[in-house]
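Q: no sequence on hand, only this structure:
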């Protein structure tokens, strides 16, 4: 029974902060202006992208510069629905301007909201799955993976610009204001608040999903892939499968962010798709702290609010501020904001209690797993293989310092959400 | 050489390498090599630098495709037509020359990653079975790493990393274990400890050890194969091989010059 209490406490420690923060975000519409709310909603969709990117990059070690593409494809998919809704019986304005008289066949099904959302999520995921499979099968790694995904992003954005009649070209899909939900304009506070709340809930769900993935054996295999892919392969796993799966998942998450972005911002254009936005996404995660998930969210919010603050306060020089901030963090705090905080916390803990709080990795923390082998501990004294005795003298000194009590460390830094 | 092959033919072979040739830009790393191992054997392969020892391991694990030849594992598996991870699943475990463990994961997590190698992707989202946990526990004991279980593998000493990597293979209960210079860079105490470990695991599976350290080979080997310029030079008990004038000529003589 005491044990049960303890697990309950650990759960509370771990998920308590998460629940509180989620609740605060859900209550935000009561306290902040519609302008700030729409800003926050937009940045939270960015945070969703960042969580997906952290999965593949922070954990899996693959720096994808294709997230902007998947995000935009998701956004375009839902924008098509909104555009059709806004245009009523007529064909969308930009098509008319480009000389089209009939709705293209592939636009037609997007008048169904369910189809639009499903397609907006499935198409980018499918592209990631197919492209990822071939990239990973030919064992493209490291910077070459980044370059290929970047090229794919660039290619698609150029293509979208060229297809004026079907995609709205450089302007993208905009003028969505006359779309109505339950008789209310898309721009009305009610509808906007609805999309904001949906964003908060989606971010919470994506975070829980990502946490579940990284806490599983699959998540630890991702870290293993980051450390040494050949070892993973020679252990009997197919890295192609694992990598394709996580790439697809991160693409799907980015697409979800796109779906939530469009109704709140009211426009999607190739400018959101290109190379620069994709690199910015990487910056969010790097700044917040790779391999922590929370860091990705923090990074996305800090960078975007920072940009908004600087650009309002110092319109001439805000870009330098942002650049400096990025350089400073990368040079001084390579573990990112959250990673550095965790390290500092850990350092304090060692100083005060003489006991490490959690096991630090290069980027942050690996999810700490207590060893639950009751029998192995009790068997220690039994005459084991001849091998066991000779090393124990050499290692016991260090071992006592590193083996910490599982119960006190379960909560670790993960509770920091 | 031919007599040794005939003798091997009588019992079941865990590994059969026939006429394998591997060339890199004209350089023949393996030159129609014939090599066979019986089930349960602990075999050492020695040879000077560039003799083709590591290339042999690369071929057997599917990393390198030979230009010619045939490799059969455990009677029926055509090694050359099986991908690397499938070979591992079928029971060929390989330890790399430099210790290769997952530095960001703990010792326990490294073994956990190894033990689940036969689980499908879906099972990777649930914890390992109690039987697997037990296997990890006994492997931790065998390798003497029980107390280090929650230490991050990146913080281990060189020798401990080597043992962990061996442990990661053992926990998979391979049929054939390939070890590439397992004692390189180890202290004398660590070497002895590794030798003992080898002998105790030799009872569970067939082991092929590529080794440079002659002293280690003398202490722990029974049968030794000598590779030279990509071919099998000779094969036999340690004492016999050591006194073979040809071996002294190509191996020991040369290593003295170096």
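A: Ah, there it is. Model, not experiment: these values are computed from the prediction.
Q: got the contact list for residue A:284?
A: For residue A:284, the contact set (CB atoms under 8 Å, 6 or more residues apart in numbering or on different chains) comprises A:46, A:49, A:50, A:53, A:296, A:299, A:300, A:303, A:304. Backbone N, C-alpha and C define where each C-beta goes, glycine included.
Q: redo those residues as CSV? Include distance to residue B:215, neighbour count and pLDDT.
A: As requested, the contacts of residue A:284 are exported to CSV (distance: CB to CB, whole Å; neighbours: other CB atoms under 10 Å in any protein chain shown; pLDDT from 0 to 100):
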residue, distance to residue B:215, neighbour count, pLDDT
A:46, 61, 23, 97
A:49, 58, 31, 97
A:50, 55, 34, 97
A:53, 52, 30, 97
A:296, 53, 34, 95
A:299, 54, 30, 93
A:300, 58, 30, 95
A:303, 59, 25, 89
A:304, 63, 19, 91
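Q: from the residues you listed, which land in helices?
A: When the contacts of residue A:284 are checked against helices (DSSP state H), the matches are A:46, A:49, A:50, A:53, A:296, A:299, A:300, A:303, A:304.
Q: wait, isn't the first one in contact with residue A:302?
A: No - with contacts counted by CB atoms under 8 Å, residue A:46 stays clear of residue A:302, the gap being 10.9 Å.
Q: how far away is residue A:296 from residue A:51?
A: 5 Å (CB to CB, to the nearest Å).
Q: quick check on the residue of the stretch 151-300 of chain A found nearest chain B: phi, psi?
A: Closest approach between the stretch 151-300 of chain A and chain B, counting by CB to the nearest CB: residue A:236, at 3.5 Å. With angles defined as degrees, to the nearest 10, residue A:236 sits at phi 110, psi 10.
Q: so what's the residue count around it?
A: For residue A:236, the neighbour count with other CB atoms under 10 Å in any protein chain shown is 23.
Q: shaky segments in chain A?
A: The model of chain A has pLDDT under 70 over residues A:1-3, A:354-417.
Q: tally of neighbours for residue B:166?
A: By other CB under 10 Å, neighbour count at residue B:166 equals 23.
Q: do residue B:70 as well
A: The tally of other residues near residue B:70 (other CB under 10 Å) stands at 13.
Q: the one helix or strand it maps to pairs with which strands?
A: Per DSSP states H and E: residue B:70 is located in strand B:68-73. Using DSSP bridges, the strands paired with strand B:68-73 are strand B:13-24 (antiparallel), strand B:77-78 (antiparallel).
Q: buried residues in it, which are they?
A: Using 16 or more other CB atoms under 10 Å in any protein chain shown as the test for burial, strand B:68-73 gives B:69, B:71, B:72, B:73.
Q: can you list the residue ranges for strands in the stretch 151-300 of chain A?
A: Ranges of strands within the stretch 151-300 of chain A are A:180-181, A:184-185, based on DSSP state E, counting those that start in this stretch.
Q: and those as a markdown table, adding mean neighbour count and distance to residue B:106?
A: A markdown table is the format used below for the strands of the stretch 151-300 of chain A (neighbours: other CB atoms under 10 Å in any protein chain shown; distance: least, CB to CB, whole Å):
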| stretch | mean neighbour count | distance to residue B:106 |
| --- | --- | --- |
| strand A:180-181 | 15 | 50 |
| strand A:184-185 | 15 | 54 |
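Q: can you list the ones you listed in TSV and add distance to residue A:82?
A: Shown next, in TSV, are the strands of the stretch 151-300 of chain A (distance: least, CB to CB, whole Å):
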stretch	distance to residue A:82
strand A:180-181	10
strand A:184-185	12
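Q: those strands: which one's closest to residue B:48?
A: Proximity to residue B:48 (CB to CB) singles out strand A:180-181 among the strands of the stretch 151-300 of chain A, at 77.9 Å.
Q: need the contact partners of that closest one.
A: Strand A:180-181 is contacted by residues A:85, A:186, A:191, A:194 when judged by CB under 8 Å, 6+ apart.
Q: residue B:212: which of the residues you listed is nearest?
A: Closest approach to residue B:212 among the contacts of strand A:180-181 (CB to CB): residue A:194, at 69.7 Å.
Q: excluding residues flanking it in the chain, which one is nearest the closest one?
A: Leaving aside its sequence neighbours, residue A:194 sits nearest to residue A:181 (CB to CB, 6 or more residues apart in numbering or on different chains; 7.5 Å).
Q: what's the answer for residue A:310, then?
A: Residue A:310 sits nearest to residue A:318 (CB to CB, 6+ apart), 3.5 Å away.
Q: so that neighbour touches residue A:307, yeah?
A: Yes - between residue A:318 and residue A:307 there is a contact at 6.8 Å, judged by CB under 8 Å.
Q: OK, contacts around the residue nearest in space to the middle of chain A?
A: The residue lying closest to the centre of chain A (CA atoms, centre = their mean) is residue A:51, at 1.6 Å. Counting by CB under 8 Å, 6+ apart, residue A:51 makes contact with A:203, A:206, A:207, A:210, A:253, A:293, A:296, A:297.
Q: so, low pLDDT: which residues of the stretch 151-258 of chain B?
A: Low-confidence segments of the stretch 151-258 of chain B (pLDDT under 70): B:251-258.
Q: can you rerun that using 90?
A: The stretch 151-258 of chain B contains residues with pLDDT under 90 at B:158-159, B:181-190, B:193-194, B:196-201, B:203-204, B:211-223, B:228-229, B:234, B:238-258.
Q: would you list every one of the helices in it?
A: Under the criterion DSSP state H, counting those that start in this stretch, helices of the stretch 151-258 of chain B are mapped to B:158-170, B:188-201, B:214-220, B:238-243, B:245-247, B:253-257.
Q: what's the most distant pair in the ones in helices among the contacts of residue A:284?
A: The largest distance within the ones in helices among the contacts of residue A:284, taken as CB to CB, falls between A:53 and A:304 and amounts to 14.5 Å.
Q: which SS state does residue 134 fall under?
A: By default, I'm working from chain A. Judged by DSSP: H, G, I helix; E, B strand; the rest coil, the three-state class of residue A:134 is helix.
Q: circling back to that earlier point, TSV for the contacts of residue A:284, including distance to residue B:178?
A: Formatted as TSV, the contacts of residue A:284 follow (distance: CB to CB, whole Å):
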residue	distance to residue B:178
A:46	48
A:49	43
A:50	42
A:53	38
A:296	40
A:299	44
A:300	46
A:303	48
A:304	52
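Q: looking at those residues, which is nearest residue B:95?
A: Taking CB to CB as the measure, residue B:95 sits nearest to residue A:53 out of the contacts of residue A:284, at 34.5 Å.
Q: distance of the closest one relative to residue A:282?
A: Residue A:53 is 7 Å from residue A:282, by CB to CB.
Q: now the helices for the stretch 251-400 of chain A?
A: With DSSP H, counting those that start in this stretch as the criterion, the stretch 251-400 of chain A has helices at A:275-288, A:294-313, A:318-332, A:336-353, A:374-378, A:386-402.
Q: in the stretch 151-258 of chain B, what residue lies closest to chain A?
A: Closest point on the stretch 151-258 of chain B to chain A, by CB to the nearest CB, is residue B:151, at 4.3 Å.
Q: what's around that residue, how many residues?
A: 23.
Q: and residue A:47, what does it touch?
A: A:203, A:296, A:297, A:300, A:301.
Q: switch the cut-off to 10 Å
A: A:199-200, A:203, A:206-207, A:257, A:284, A:288, A:296-301, A:304 (CB atoms under 10 Å, 6 or more residues apart in numbering or on different chains).
Q: next one: residue A:303
A: A:43, A:46, A:50, A:280-281, A:283-288, A:322, A:325-326, A:329.
Q: can you tell me the element residue B:49 falls in?
A: Taking DSSP H and E as the definition, residue B:49 sits outside all helices and strands.
Q: next one: it from residue B:55, what distance?
A: 12 Å.
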